[in-house]
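# Structure here, sequence nowhere to be found:
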């Protein structure tokens, strides 16, 4: 049988997330002739596919975790290039370092037909000694002075017997592999398609790290044929799980299940800018200090207090008191009870969900009780309602723990992990009162026509199908600037509806529907446009306000009734400089000026 | 509010209705004051010994006092309610009081533009009311567009669907008709009659019990500001536009005001100044002017200078012509779009544009088509041209009295982290036995939060006011009216509202004991050790501090290393000082910060052990060595953190007075003030990790 071990980095190493070192990843890629064989129908070669994956890991690291170290090493090459040139047929293309624009370009150069030519020219294909290659990688690790929190090595190959049965070389490779594993390196195999099938058992079983959960799941993994599969497998290994928090889930007095909270979906944002010194382009650091305006002396925390002003009254508190107000209890989850799934309303959504998984290494027995809860909740279609304080001095929130069973795809790769999704529930304050407008109801004929339209546009949704165009554009711009490209790489805007295709699919249906619902000459743009113009002309003259009136508003605490435009104008009028655009900020600024 | 004599009657051990009613009003006014709404409010008392109202004439409308005319509520009102409103000894007709309120609303809003007029009546209905004018009153209420809410000392029957008052969580309250006086019964009939005449469907939902009113936000919901309308177009393909309007329906509400920093002595904001300076990462930390800096971004190991202007020019732009375009791909609701994939922090309800019935029909056709096919729309959503577009799902939602689409954001590829976790089901070590599973079964049975055939929800989270707000307002209120006194404890009702309902606690007692027996749980020893080291460093690394998030790879100097194992006083402290010295030999703010953590740990440990001398001695000699070693920058950091000597107040054996301890830092500070840096501003804890 074939083995593709599943590694899980954080489960056994309780401490590793606390000692936040850098993650590191070495791509050890087979550069033998077999890797360059193109598939039928012009399918990309295994080498080409690997380079695409390496590139996507590089760019995703640049976006998400640019401090991670990545290396790219080829084995089975004709040429040799490594730090001390002590290994033949091992070519270190990139040593362990942060990925940057240049490296992305280097990898790009190895893609496609031209890439194969370049590889043949610079490295060539030659003898194979995986033992030497692993040894060389071990040196890469030991040359790093930084603390590494995760060391991972991925072997990409389509040869299950790299040494052609040479038992000496095989043994040497096994020894080097076990040396590496002893120093905390996890070795994964990304085996690629090979005619006749890839036999993991014959050689690689002893090279790779054993699966941690002792499941037999990994043993049946098929070699990767498609790029997406490979990408998925690499990504699953490469992405590091870090618990946002480790807590106890308390079912009752003395029944504490240790759990970790993981963020499985986090809104990706454009990075914050870095300040650079104009002369040298070197980054500068910012320091903020608090000092006394009159004396100029620095203020100790004990010399400052916190204040808020409400209806002209200043309320002052000590810094500790401000924190104490927020504290309800120590961090943890407390089970309130269970509810049927249908009591979880779809629209009760205030934040992205997080994921809960047991931490057997904190409290022994957690996994078993957790597993039993998961099984039963899922079987009975109920969720657990808990009160949750995720961090110190965080006020409580209620959460629904929704069971999620493990799912694997045909290739036995896990698609959904087992555990609870934690859904944050809104409080009364979070739900707004709406007066739903009275709207007409469509007739069945109209509905049926729309159903035809809707059915034409049916597709299968995948959550990873849409790239964020804002972020993509930002990084393409940076890439272009970093690499002195003439223009940024073109980007396909995946969230823009493919209007032409849709129009094509719908054909006459659109006109038919319009005939059914819209009168002749109906122009959806006209009304709001006209109204808007009215609004503008009506509002303009009212912007300025006499001082007495403004003062009266301030005295009565009714500044809030004025519009933002009026307030802004008033700020200008009284020479109040304010950076704020929010109403409250404007009001505060004005009150301060006029009140003194 | 009824302040008449019957309002003070109560069974032994129970709070009189007067007190409860007063609390309801206090809660309400408190919230209005802190929300700084422009809503105006008047307070009319009835059952007062005196009479003061504009309808007072020939024995009519007696014992009714307009305590405060219509105006924005403030702290004065709060103080008045606290100190001036007492139970009085008369009784007054609550219908008369209602008329006085209606008159007040009509005359005092004449000059004003008001969106909503609402009268809230708090009474025990214990006076006989004259029902002759009932229909005229109802007619006038309708005409003036005034809504009504009643708050009574007892709940009104089981049928309270509309008001969502149906938790059934207070079994102590007498049910309808039980224990009510004759006047109360007939009063209640009148109340019901009025409410049903005003609103056939939900009228009774606006009658609340006092205790519910305190725990829930019944009163606020009615007068609450309605969300802003967001008009735009929904387009299918290129030529099927529908005019729509969106409203934020659910969103995480935040407190509107933030804390400002004031000088502790003067309480003046102007006496405190915060300044950010920039410096080069060299030995001298050379300061540079902000104008001499430019903006750049990281691209992996590269830093790319990228000015704001360039950035704006090159950034992703969307057409902005169609605000909400639609990728009209649709799919099975439950299958593919799962609840836990929802992103963002809000749900938007989408209706058709006002006054456009054609758009209404078109949207209705879409909503119904989606609903009948059990599909959702995947749409591209852009609030306006400047904002970042999103991809999201629009679910059809058909209610009895309205229909709409509900929009929720979905993840982008960049947002997802596909973690894999070890299988639980396939791991024999973790597989629960049948008896274990059945123990969990009985636990679930005993802890179901629904009851009855209609599965009534006993614990509606969305009816609980955010406890953080309640506590915040309570403390601000307290500090505003009684400055100089310590903050009050949390209110008991708030604590109770967050707890497991009593019924459940009783029911689950036995099954929980069974779970305890069947599932042995043992804390792993290793953890204890880690905890000890964590304690030394003053931070419990079990729950990462929000502030520590800025990951720092040089954490290799993580102090946990030295303190592993059990902590015994002197030896550890010796190790700490060695480590501090080691860290200080690297002249870099990063290491300075680490040494400060060490010193803090050293200090805490010393305080805990009640031995100040070792620490004080070390700190004093450290201070002396500062000029020679050129550690001024470090010292200033220490000053910023106010880490000073251990005084007598903290440890008895200390030879240092509190004043001396404070002086210890101050004297040095004056010399160096100009170049004193502070640790990089990490922002407010609240800003970080919003997701938690």
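Ah, there it is. Because the structure is predicted, anything quoted here is derived from the model rather than measured.

# ok, longest helix in chain A?
Longest helix in chain A, counting residues (DSSP state H): helix A:46-64.

# Who are the packing partners of that helix?
strand A:22-30, strand A:69-75, helix A:101-108, helix A:112-122, helix A:227-238, helix A:469-482 (3 or more Cβ pairs under 8 Å, 6 or more residues apart in numbering or on different chains; DSSP states H and E). Any C-beta I mention is one placed from the backbone N, CA and C, and that applies to glycine too.

# What's the mean pLDDT across the fifth one?
Regarding helix A:227-238, the rounded mean pLDDT is 77.

# How about the shortest one?
The average pLDDT for strand A:69-75 rounds to 95.

# Over to the last one?
Per-residue pLDDT over helix A:469-482 has a mean of 86.

# pLDDT of the lengthiest helix in chain B, averaged?
Determined from DSSP H, the single longest helix within chain B is helix B:589-609. If you average the pLDDT over helix B:589-609, you get 80.

# How about stretch B:29-41?
Regarding stretch B:29-41, the rounded mean pLDDT is 85.

# how about the strands in the stretch 51-200 of chain B?
B:64-71, B:117-122, B:146-152 (DSSP state E, counting those that start in this stretch).

# Chain B versus the residue most central in space within chain A, what's the distance?
Residue closest to the average C-alpha location in chain A (Cα atoms, centre = their mean): residue A:266, at 5.1 Å. According to Cβ to the nearest Cβ, to the nearest Å, residue A:266 stands 6 Å off from chain B.

# so what's the residue nearest to that residue when sequence neighbours are not counted up against?
Leaving aside its chain neighbours, residue A:266 sits nearest to residue B:415 (6.0 Å; criterion: Cβ to Cβ, 6 or more residues apart in numbering or on different chains). By Cβ atoms under 8 Å, 6 or more residues apart in numbering or on different chains, the residues touching residue B:415 are A:265-268, A:352, A:468, B:343.

# can you pull the contacts of residue A:425?
By Cβ under 8 Å, 6+ apart, the contact list for residue A:425 reads A:348, A:350, A:397-400, B:461-462.

# so can I have a markdown table of those showing distance to residue A:143, pLDDT and neighbour count?
Listed next are the contacts of residue A:425 as a markdown table, based on distance: Cβ to Cβ, whole Å; pLDDT from 0 to 100; neighbours: other Cβ atoms under 10 Å in any protein chain shown:
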| residue | distance to residue A:143 | pLDDT | neighbour count |
| --- | --- | --- | --- |
| A:348 | 53 | 93 | 19 |
| A:350 | 48 | 95 | 21 |
| A:397 | 47 | 96 | 23 |
| A:398 | 51 | 97 | 20 |
| A:399 | 46 | 97 | 26 |
| A:400 | 49 | 97 | 24 |
| B:461 | 54 | 94 | 20 |
| B:462 | 57 | 91 | 18 |
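
# ok, and for the strand or helix carrying residue A:369, which residues are buried?
Using DSSP states H and E, residue A:369 maps to helix A:366-380. For helix A:366-380, a neighbour-count test (16 or more other Cβ atoms under 10 Å in any protein chain shown) marks A:366-378, A:380 as buried.

# Equivalent analysis for stretch B:208-215, please.
Neighbour counts over stretch B:208-215 (16+ other Cβ under 10 Å) mark B:208-215 as buried.

# And stretch B:601-617, by the same measure?
Applying 16+ other Cβ under 10 Å to stretch B:601-617 flags B:601-606, B:609, B:611-612, B:614-616 as buried.

# Could you restrict the buried residues of helix A:366-380 to the ones contacting chain B?
Contacts with chain B are made by A:366-377, A:380 out of the buried residues of helix A:366-380, judged by Cβ under 8 Å from any Cβ of the partner chain.

# ok so residue A:415 is a strand residue?
Yes: the assignment for residue A:415 by DSSP: H, G, I helix; E, B strand; the rest coil puts it in a strand.

# quick revisit: what's the longest helix of chain B packed up against?
helix B:525-536, helix B:569-584, helix B:613-629, helix B:632-640.

# so that helix versus helix B:613-629, what angle?
160 degrees (axes from the mean of the first three to the mean of the last three Cα atoms, to 10 degrees).

# and the angle from helix B:589-609 to helix B:632-640?
40 degrees.

# Let's have the buried residues of helix A:366-380 in a markdown table, adding pLDDT.
Listed next are the buried residues of helix A:366-380 as a markdown table, based on pLDDT from 0 to 100:
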| residue | pLDDT |
| --- | --- |
| A:366 | 94 |
| A:367 | 94 |
| A:368 | 95 |
| A:369 | 96 |
| A:370 | 96 |
| A:371 | 96 |
| A:372 | 96 |
| A:373 | 96 |
| A:374 | 96 |
| A:375 | 95 |
| A:376 | 96 |
| A:377 | 96 |
| A:378 | 95 |
| A:380 | 95 |
